[in-house]
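**Student:** Need a 3D model of the sequence below.
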Amino acid sequence: MLAAIRAAVAANHKRNATKDLIDALVLGGVMTKRKLWSSLEKHKEYLLSPVDFEKELLARAPQCWSQNQYLVNLMTAANQYYIPPFKKGKEAQDTIVYEAMVEAIFLERLTSIVLKDKEVLYQSLDIWPHLVKEEHSTDYKKFHAFGRAKYFSVQYVLQGCVDAFKKNHIGKTNGALTIPINILEAVFEDLVHKNTKNAKTGAYLAWYNPGRWKNNTLTGAGPTTVDGTKIAYRYPLPKLWSDLYTVWNLDFVVTEFEDWVEFPPKLLIPAVSCYQEEPHHYIYGRGVALWIFINYNMLKNYEHHAAGNSLYNWNIRNISIDLAKVNLESATHYVKTLAATDNSLGEKIKDEISSAFNDIKKKTHTFYKAARSGLEKVKNQLSGVFGRLFGKIDKRVDEKKKKHWVP
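**Tutor:** Presented below is the predicted three-dimensional model:
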C-alpha cells in the first residue's frame, strides 16, 4: 500500500501540493477568499506550511499502525488479494491517490488543531452546518439517507462535547447510547450489502459501549469525562476496542463506497491512529476527523454525493466482504480477552449479542428482498428491530443507575 502511495505522489511531482492543500481548504469552506476562520488565524503557520507527505504521513503513521495487531492482520490478509487497477488507467489512478493524500494532509492538520484548540471546533459547528444545509438546501434534501443520518448523529455528539467543554463537565453515561447508534447505522449498511461478518463485528463494538457509572479496574471501562481539550470515553479494554473499531470501519467504508480511496485517511492519519498511549481519547479524535471529513466531502462534490453517486467506480466490494472474516476473528479475540479479564463478562452476554444480531440480520435480508427498489421503506421497517437493541442498551444504563453495576 505504501509503495503504491509513494508511486502516485512521485507521478504527480509536477503539481504543487501546498497550493492543492490551499485549494482544498477553500473547497472545504475553511478559507473564504483566502481568509481563514478567525479561530484558525493563530494556527496559520502550521496549517499553510509546505506539504511533506513523507514526514507528515508516510513515515509516521505506519509506526502507529504496527501497534494495532488487528490492523496488521487485516493488511497482511489484504496483501494476498489481487486488487484490480482503476479502469481508466494508471495516470487516472495515480491522480486519485495523490488527491486523496492531499486531502489526508488537510484532515491531519485540521484534526490535530481541533484536538488542541476547542475554539476551532466551536466555530466549525457554527459555520459548516450553515454552508451545508442552507447554501445547498435544495441538494441537501436529496442527500442519501445514510449520509444525512451520519451528519446529524456526528453533529449531535460533537455539540454535546462543546456543551461539556463550556461547563467543564459531562454526564458519566455520555456516549452510552449515541456511540452504539453511530456504529449501528453502519451495521445496517453492511447488512444491506451482505457484509455479514463485518456487521457482526460492529455489533460487538456497539454492545461494549462506554459511559459506565463506576470504574472497572479490570477492564478500564468507566465514566465519560472531560479531559482538557478532549473527551475521554472509557469502553472495556480501550486499546483493543479502538483497534477493533479501526479495522471494522475500514472494511465498512471500502464495502460501502465505490470511490473508497479517499475514506481510509479519516481512520489512518496519525492524529487519529496514534492513540496507543491514550486509547480512551480515540473515539473523540475519530469523531472530530469524521466531522471534518464529512463536511469537506459534502462541500467538495455536492452534486455527486447529494444523489448518493460515487465520483468514480473502483469497486472492490467482493474483496472487502471476504476480508471481513479477519475482522470477525479479531472481534472474537476481543470478546475472549474481555471475558478472561473479567469473568463476569461470559457466555450469557455473548449469547445476548448473537441473538440480537441474528434478529437484525434476518429482518434486514427479509425486508431487503421484499423492497429492493425502496430502501427507505426497508429502513423504516427496520427501525423497530434496532429499537429493540437500543432498548436493551438503554435498559443496561438504567440498571447501572440503580445498582451501580459495572460491566
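
**Student:** gap between stretch 243-250 and the chain center?
**Tutor:** The chain centre lies 8 Å from the centre of stretch 243-250; the measure is CA atoms, centre = their mean, to the nearest Å.

**Student:** correction: stretch 54-69
**Tutor:** Between the mean C-alpha point of stretch 54-69 and the mean C-alpha point of its chain there is a distance of 18 Å (CA atoms, centre = their mean).

**Student:** which parts of it are buried?
**Tutor:** Judged by neighbour count using 16 or more other CB atoms under 10 Å, the buried positions of stretch 54-69 are 56-58, 61, 64-65, 68. No exception for glycine: its C-beta is placed from N, CA and C like everyone else's.

**Student:** go on, stretch 228-245?
**Tutor:** By neighbour count, with 16+ other CB under 10 Å as the criterion, the buried positions of stretch 228-245 are 230-245.

**Student:** Next, count neighbours for residue 149.
**Tutor:** Taking other CB atoms under 10 Å as the neighbour definition, residue 149 ends up with a count of 18.

**Student:** residues of the helix or strand where it lies that come out buried?
**Tutor:** For residue 149, the host element (DSSP states H and E) is helix 145-167. Residues of helix 145-167 classed as buried by neighbour count (16+ other CB under 10 Å): 146-147, 149-151, 153-155, 157-158, 160-161, 164-165.

**Student:** Closest one of those to residue 259?
**Tutor:** residue 147 (13.1 Å; CB to CB).

**Student:** from what I can see residue 161 touches residue 284, true?
**Tutor:** Yes: in this structure, residue 161 is within contact of residue 284 by CB atoms under 8 Å, at 7.0 Å.

**Student:** Please enumerate the shared neighbours of those two.
**Tutor:** residue 231 (CB atoms under 8 Å, 6 or more residues apart in numbering).

**Student:** What ranges does this protein have for its strands?
**Tutor:** For the chain, the strands defined by DSSP state E occupy 31-32, 35-36, 225-227, 230-232.

**Student:** Out of those strands, flag the one nearest residue 107.
**Tutor:** Closest of those to residue 107 is strand 31-32, at 15.3 Å (criterion: CB to CB).

**Student:** List the neighbouring strands of the closest one plus their orientation.
**Tutor:** Strand 31-32 has its sheet partners listed here by DSSP bridges as strand 35-36 (antiparallel).

**Student:** contacts for the strand it pairs with?
**Tutor:** In this structure, residues lying in contact with strand 35-36 by CB under 8 Å, 6+ apart are 25, 30, 44, 47.

**Student:** 6 Å instead, please
**Tutor:** Strand 35-36 is touched from outside by residue 44, with contacts defined as CB atoms under 6 Å, 6 or more residues apart in numbering.

**Student:** Residue 293 versus residue 262, what's the distance?
**Tutor:** With distances defined as CB to CB, to the nearest Å, the gap from residue 262 to residue 293 amounts to 8 Å.

**Student:** Flag the shaky bits of this structure, pLDDT-wise.
**Tutor:** Low-confidence regions of the chain, defined here as pLDDT under 70, cover residues 33, 134-147, 301-312, 345-407.

**Student:** same thing but at 50, please
**Tutor:** In the prediction, the chain carries residues with pLDDT under 50 at positions 138, 303-304, 306-309, 367-394, 396-407.

**Student:** What values do phi and psi take at residue 177?
**Tutor:** The phi/psi pair for residue 177 (degrees, to the nearest 10) reads phi -110, psi -40.

**Student:** Check residue 217 too.
**Tutor:** Main-chain dihedrals, residue 217, degrees, to the nearest 10: phi -70, psi -20.

**Student:** circling back to that earlier point, can I get the buried residues of helix 145-167 in a markdown table with distance to residue 206?
**Tutor:** Supplementary listing: the buried residues of helix 145-167 in a markdown table, determined by distance: CB to CB, whole Å:
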| residue | distance to residue 206 |
| --- | --- |
| 146 | 16 |
| 147 | 20 |
| 149 | 15 |
| 150 | 15 |
| 151 | 20 |
| 153 | 13 |
| 154 | 16 |
| 155 | 20 |
| 157 | 14 |
| 158 | 19 |
| 160 | 18 |
| 161 | 20 |
| 164 | 22 |
| 165 | 26 |
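
**Student:** Keeping just the C-alphas, turn stretch 71-86 into CSV.
**Tutor:** Presented in CSV, the C-alpha positions along stretch 71-86 are these (Å, rounded to 0.1, in the frame of the first residue of the first chain):
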residue,chain,number,x,y,z
LEU,A,71,-4.9,-3.9,11.6
VAL,A,72,-1.7,-5.8,10.9
ASN,A,73,-3.8,-9.0,10.5
LEU,A,74,-6.1,-7.2,8.1
MET,A,75,-3.4,-5.7,6.0
THR,A,76,-1.5,-9.0,5.9
ALA,A,77,-4.6,-10.8,4.6
ALA,A,78,-5.3,-8.0,2.1
ASN,A,79,-1.8,-8.4,0.6
GLN,A,80,-2.9,-11.9,-0.5
TYR,A,81,-5.6,-10.5,-2.8
TYR,A,82,-5.2,-9.0,-6.3
ILE,A,83,-6.7,-5.5,-6.3
PRO,A,84,-7.7,-4.7,-9.8
PRO,A,85,-6.3,-1.4,-11.2
PHE,A,86,-8.5,1.6,-11.8
